[in-house]
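Colleague: mind looking at a prediction? Sequence and model below.
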Amino acid sequence: MVEVGMHAPDFESVDDSGQPFRLSQLRGRWVVLYFYPKDNTPGCTREACAFRDVHTVLTQQGATVVGVSPDSVRSHQRFKEQYELPFVLISDPGGQIAQQYGVWQERHLYGRRFMGVARTTFVIDPGGVIRAVFPNVRVDGHAEEVLHRLMALQRE
């Protein structure tokens with residue numbers, strides 16, 4: 001997994017509006033990059049809505065929120081519209097971006113093993129360096145925890 005102090009791997013994909021997206025286009029800004037397993041599932045919906053609810057404060061702190069999952073652009077469009085998400089969602093259908101960040105892992109669900117996204121959040125500074133990693137995220141309270149950590153990092 002990508003660790004604190006490493007440069008965030010750049011990637012190119014497509015966002016929820018079908019437009020090309022590169023992480024490096026956000027250089028110069030703080031970035032909250034969060035990986036989640038699937039649109040419209042209970043945990044992922046709660047997490048997205050929590051980031052939505054603190055989005056104004058994150059933006060006031062100079063941060064941009066980016067969500068990444070293996071879902072399609074169309075799935076992201078519906079998810080974003082349904083929950084009024086004010087941030088970009090990136091489609092990673094083959095899990096290549098998740099692999100770059102070390103969050104494409106073996107998962108276990110109902111006795112079944114499969115490869116999928118381990119819910120993880122990275123805070124990236126304006127220079128493109130990973131400043132905080134939140135692995136195996138528990139959804140409740142996570143967005144607020146990220147906000148507080150971002151504010152603490154900005155004070156350093």
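Modeller: Noted; the coordinates are in hand.
Colleague: ok, V54 touching A143?
Modeller: Yes. Using C-beta atoms under 8 Å, V54 is in contact with A143, at 4.8 Å. C-beta coordinates here come from the backbone N, C-alpha and C atoms, glycine included.
Colleague: how about the residue nearest the centre of the chain, secondary structure?
Modeller: Centroid-nearest residue in the chain: Y34, 1.5 Å away (criterion: C-alpha atoms, centre = their mean). Under the three-state scheme (DSSP: H, G, I helix; E, B strand; the rest coil), Y34 adopts strand.
Colleague: contacting residues for it?
Modeller: Counting by C-beta atoms under 8 Å, 6 or more residues apart in numbering, Y34 touches 47, 51, 65-68, 119-122, 137, 146.
Colleague: again, 6 Å this time
Modeller: Y34 makes contact with 67, 121 under the criterion C-beta atoms under 6 Å, 6 or more residues apart in numbering.
Colleague: repeat that for the one 5 residues further on.
Modeller: Contacts for D39 were tallied using C-beta under 6 Å, 6+ apart; they are 71, 75, 79.
Colleague: in a markdown table, list these along with secondary structure, pLDDT and neighbour count.
Modeller: Output for these, formatted as a markdown table (DSSP: H, G, I helix; E, B strand; the rest coil; pLDDT from 0 to 100; neighbours: other C-beta atoms under 10 Å):
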| residue | secondary structure | pLDDT | neighbour count |
| --- | --- | --- | --- |
| D71 | coil | 97 | 24 |
| S75 | helix | 97 | 18 |
| F79 | helix | 98 | 22 |
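Colleague: understood, closing this out.
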